[in-house]
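Trainee: fold the following, please.
(2 chains)
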Amino acid sequence: MWGDRGLRRVPLLRFDEEGLVDRGRIWLLELAHVVLAVPCMVFFVFIVVGWPTATVLAGLLLLYLAVPAAAQLGRLHRYLAGAALRQPVEVPDYKQSKLTGLAAVWSRPWTWLQDSRRWLDLAFMAFASTGGFVMSLVVVSLPAGVIAHVVLALVFRNPWWLLPISLEMALWWILTPVLSMVRAITTLAMYGNTLTAQLERRVAAVAESRAESIDHSAAEIRRIERDLHDGAQARIVSLGMNIGLAEQLLHRNPEAAAALLAEARQATTDALEDLRGVVRSIHPPVLADRGLTGAVEALAVQLALPVRLSADLPGPIPAPIETAVYFAIAEALANVVKHAGAQRAWVTLALREGRLRAEIGDDGVGGAVLGSGSGLAGVARRLRAFDGTLVIDSPAGGPTSVIVEVPCASS
Amino acid sequence: MRVVIAEDLALLRDGLIRLFEAHDFEVVTAVDNAQTLLQELETKDADIAVLDVRLPPSFTNEGLMAAVEIRRRRPSFPVLVLSQYVEQLYAKELLASGQGAIGYLLKDRITDVKAFVEAVQQVADGGTVLDPQVVSSILSRAQREAPLERLTEREREVLALMAQGRSNAAIAARLFVSEKAVGKHTNSIFTKLDLPLAADDNRRVLAVLAYLHAD
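Mentor: Residues are numbered from 1 along each chain as shown, chains lettered A, B, ... in the order given. Here you go, the predicted model:
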C-alpha cells in the first residue's frame, strides 16, 4: 500500500523524483483524511446529541447509527496511519454485551457507556474533524494556492503574482511529510498504539509464556525423574538381586540359578523397554534420524487410518521448534484416532514467509474444542514459548483441522 | 558361516563377536562405521552383515542407509539390522526391494541368545525376520485394512509368526498344532493375498510385504 519507506524516513530537504512520488502519495492520503473529516464530524455530533437524548427513541437511533460507525472510522484511520508509518497496528476488541434478544437493545448502549474504547472513538472523531482536519487541509490546499497564483498572474497579466509560488512550493515540500507524520503518530498514540505500548504488551506476553515454559520444563523433568526411578532403575536393582542370588546358587542348585538368570534376562528387556519409552517422550529417535518430515511419516505409517502427508520444507528446522511441532502433530493425530471416527486424515507441512505451518485434518465427526486440560491445550501452551499458535477449526459434522503456526527462520 | 559386523559401541561390538564365535560363526571383520563396512564387503567374502542403525559420523540412520546400499550393490545379500528402537517405516524401507534375507531386530533380542542365533541363521538362509514389536504394531493397524481383513484370526497369527521369520515347524510348535495344519494356513494366506505361485520362501517374504504395505 505504501512505498518502501514510511513517513518517518521521508527526507525533508532532498529534491528528487522519489520525494515527489512520496509527496504525491501523502497528498492523496491527506485528501482522504479531509473527505473523511466530514463523516467524523457528523458522527461526533450524533454521539454527543445521542447520549443525552438516549431515553427517547430518536437518541437511541442516533447512537445505534453513530457508535458502530465511529468504531469503523477509527479502525480505518488507524490502518491508514499504520500503513503510512509502516508500523503494525493492533485493534483490540470492544466490550461485548452478554444479553441477547430484546434486552440487548438497552444493554448494548449500557455496555458502550462503560467501554473506555468507545469514548476514545468519540475523542478521535473530535480530533479528526478539528485539529487533524486542519493539518490535512494545509497539505491538500498548498498546491491549490500555487494554482490560484498562476491563475491570478494570467488574469491580471502581472508576473508579481508568481512571486509567492516558490515559497508555497517550498512550504508544501517540507510541511507535507511533517504534518502527515504528526497526524499519523497522533492517531496511533490516541489509540494507545505507539511502539512503546506495543512493546509493553509484547513484554508482558513474553514474560507470561516464559513463566509457563519454565513451569512446563520443571514438570517435565520431574516426570522423567519419576519414570526413570520407578521404571528402569527399579528393574536394574531387581536384576542385580537376581544375578547375585544366581551367583550364590550356581553350585548348590544350578536349576534354580538358571531360572533366576532367565528372569534376569527378561528384566533387562523390560528395563530397556522402559528406557525407550522415556527417550521417546523426550525426543523421539526417528526425529533425530530423519527430521520433521520423516518423523511425521513414521508417525503416519503406524496409524490405523490412511494419512496423506505433503511436506514442503526447504531446509532443516531448528531443533526446539521441530520437537514442539512434532509433538503437536503427534497429539493431534492421536486425537483423530481416539475421537474423530475418521476415514482419512492428512497432514501438510509448509514453511512460508518465515512461519512454519502444520495443518492436521480429518474427515471425522468434528466438534473438537481446545478444552482446558486437554492434550492439545498443553501443546498450545508449549507452542506459546516459541510465539507459536494452535487453532482448531472443527464444526459439528466435520471436517476438523488443527492448524499449528510457529515463527521459524529456516537455516 | 562368515559374519561382518558394524557397531560403533566397543562394548556391544565385542559382545557380538564373542557371541558369534561361541556359536562357531566366523567374524570376518568388525568395524565401527558404515563406510568401512561397505569397503570391506567389496574385498572380503561374507554370508551376512550385521549392522547397527546409528553409526558415525552423524549418528542418525547411517546403518539403515548402508543396509539399503549393500542390497543395491548385491541384491539379496543377507543383512540384519539392529537398533535400540524399531520403526515400522524403517522396516518398510528395508523390505522395499521385495527380496528376502532381511532382518530387523531390537538389540534387546540379543539377550535371548538362542533365538538370536536362530534369527541370524534364518536371515542368512534368505528368510525375513522382523522384530515382534514391529509385527505387533502392524497387526494393531492391520485390523481394518482391506486385504488382511479377509484373513481369519488364526491365519493372522500364523502370518505374524511368519513375519518374525519362523519356519512352519516352529510355528506349529508355537501354536500347538501339526505342521500340516500350519501348511494349510500358509497356503490359505497366500491365496487370500493373491500371491503368485513361486518358491515357498519368496512367497513368505511377499506375504510379509503385503502385511507391511497395507495402506
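
Trainee: and the most centrally placed residue in chain B, what is it in contact with?
Mentor: For chain B, B:Gly103 is the residue whose C-alpha lies nearest the centre (Cα atoms, centre = their mean; 1.9 Å). Residues near B:Gly103 by Cβ atoms under 8 Å, 6 or more residues apart in numbering or on different chains: B:78-81, B:119-120, B:122-123, B:128-130, B:165. C-beta: built from backbone N, CA, C; applies to glycine.

Trainee: return the member of those nearest to chain A.
Mentor: Among the contacts of B:Gly103, B:Val81 lies closest to chain A (Cβ to the nearest Cβ), at 12.9 Å.

Trainee: can you get me a residue count around that closest one?
Mentor: Residues lying near B:Val81 (other Cβ atoms under 10 Å in any protein chain shown) number 26.

Trainee: is residue 24 within a helix or a strand, and which one?
Mentor: Picking chain A for this. Assigned by DSSP states H and E, A:Gly24 belongs to helix A:17-50.

Trainee: specify which member of the contacts of B:Gly103 is nearest to A:Arg108.
Mentor: Relative to A:Arg108, the closest of the contacts of B:Gly103 is B:Leu130; by Cβ to Cβ it sits at 67.1 Å.

Trainee: count the residues that sit near the residue lying closest to A:His339 once chain neighbours are set aside.
Mentor: Distances taken as Cβ to Cβ, 6 or more residues apart in numbering or on different chains put A:Ala368 closest to A:His339, at 6.9 Å, once the chain neighbours are dropped. By other Cβ under 10 Å, the residues close to A:Ala368 number 24.

Trainee: about what we covered before: in helices, which of the contacts of B:Gly103 appear?
Mentor: Mapping the contacts of B:Gly103 onto helices (DSSP state H) picks out B:119-120, B:122-123.

Trainee: before we move on, which element is the residue nearest to the centre of chain B in?
Mentor: Per DSSP H and E, the secondary structure element for B:Gly103 is strand B:102-106.

Trainee: that strand: partners in the sheet, and parallel or antiparallel?
Mentor: strand B:79-83 (parallel), strand B:128-130 (parallel) (DSSP bridges).

Trainee: who wins for proximity to A:Ser166 among the ones you listed?
Mentor: strand B:79-83 (83.3 Å).

Trainee: outside of the closest one itself, list whatever touches it.
Mentor: Contacts for strand B:79-83 (Cβ under 8 Å, 6+ apart): B:7, B:48-54, B:63-64, B:67, B:70-71, B:90, B:94, B:101-107, B:110, B:119-120, B:123, B:129.

Trainee: list the residues that contact A:Leu85.
Mentor: A:6-8, A:181, A:184-185, A:188.

Trainee: tell me how far it lies from chain B.
Mentor: 48 Å (Cβ to the nearest Cβ, to the nearest Å).

Trainee: next one: phi and psi at that residue?
Mentor: When read as degrees, to the nearest 10, the backbone of A:Leu85 gives phi -90, psi 0.

Trainee: kindly report the same for A:Asp362.
Mentor: Taking degrees, to the nearest 10 as the convention, A:Asp362 sits at phi -150, psi 160.

Trainee: can you list the domains in chain B?
Mentor: Listed by automatic domain parsing, the domain ranges of chain B are B:2-130, B:135-212.

Trainee: okay, those domains in CSV with mean pLDDT next?
Mentor: Converted to CSV, the domains of chain B look like this (pLDDT from 0 to 100):
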stretch, mean pLDDT
domain B:2-130, 90
domain B:135-212, 76
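
Trainee: okay, those domains, which one's buried deepest?
Mentor: domain B:2-130 (a mean of 19; mean count of other Cβ atoms under 10 Å in any protein chain shown).

Trainee: thinking again about what came up before, can you add neighbour count and give the contacts of A:Leu85 back as CSV?
Mentor: Formatted as CSV, those follow (neighbours: other Cβ atoms under 10 Å in any protein chain shown):
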residue, neighbour count
A:Gly6, 16
A:Leu7, 25
A:Arg8, 13
A:Met181, 19
A:Ala184, 26
A:Ile185, 19
A:Leu188, 22
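
Trainee: redo those as a markdown table? Include pLDDT and secondary structure.
Mentor: Putting the contacts of A:Leu85 into a markdown table (pLDDT from 0 to 100; DSSP: H, G, I helix; E, B strand; the rest coil) gives the following:
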| residue | pLDDT | secondary structure |
| --- | --- | --- |
| A:Gly6 | 79 | coil |
| A:Leu7 | 81 | helix |
| A:Arg8 | 80 | helix |
| A:Met181 | 91 | helix |
| A:Ala184 | 91 | helix |
| A:Ile185 | 90 | helix |
| A:Leu188 | 88 | helix |
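
Trainee: nearest to chain B among these?
Mentor: Among the contacts of A:Leu85, and counting by Cβ to the nearest Cβ, the member closest to chain B is A:Gly6, at 46.0 Å.

Trainee: in chain A, which spans are strands?
Mentor: Here chain A has its strands, by DSSP state E, at A:307-312, A:345-352, A:355-362, A:389-393, A:400-407.

Trainee: also chain B?
Mentor: Applying DSSP E to chain B gives strands spanning B:2-6, B:26-31, B:48-52, B:79-83, B:102-106, B:128-130.

Trainee: and the ones you listed as a markdown table, adding distance to A:Val140?
Mentor: Compiled in a markdown table, the strands of chain B are given as follows (distance: least, Cβ to Cβ, whole Å):
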| stretch | distance to A:Val140 |
| --- | --- |
| strand B:2-6 | 79 |
| strand B:26-31 | 82 |
| strand B:48-52 | 77 |
| strand B:79-83 | 75 |
| strand B:102-106 | 77 |
| strand B:128-130 | 79 |
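
Trainee: wait, which of the ones you listed is closest to A:Gly192?
Mentor: Across those, A:Gly192 has its closest neighbour in strand B:79-83 (57.6 Å, Cβ to Cβ).

Trainee: spit out the contact partners of the closest residue to A:Gly398 other than its chain neighbours.
Mentor: Setting aside the residues directly before and after it, A:Gly398 is nearest to A:Gly366 in space (Cβ to Cβ, 6+ apart), at 3.6 Å. By Cβ under 8 Å, 6+ apart, the residues touching A:Gly366 are A:340, A:394-400.

Trainee: which phi and psi does A:Gly366 have?
Mentor: phi 70, psi -160.

Trainee: likewise A:Ser394?
Mentor: According to degrees, to the nearest 10, A:Ser394 has phi -150, psi 80.
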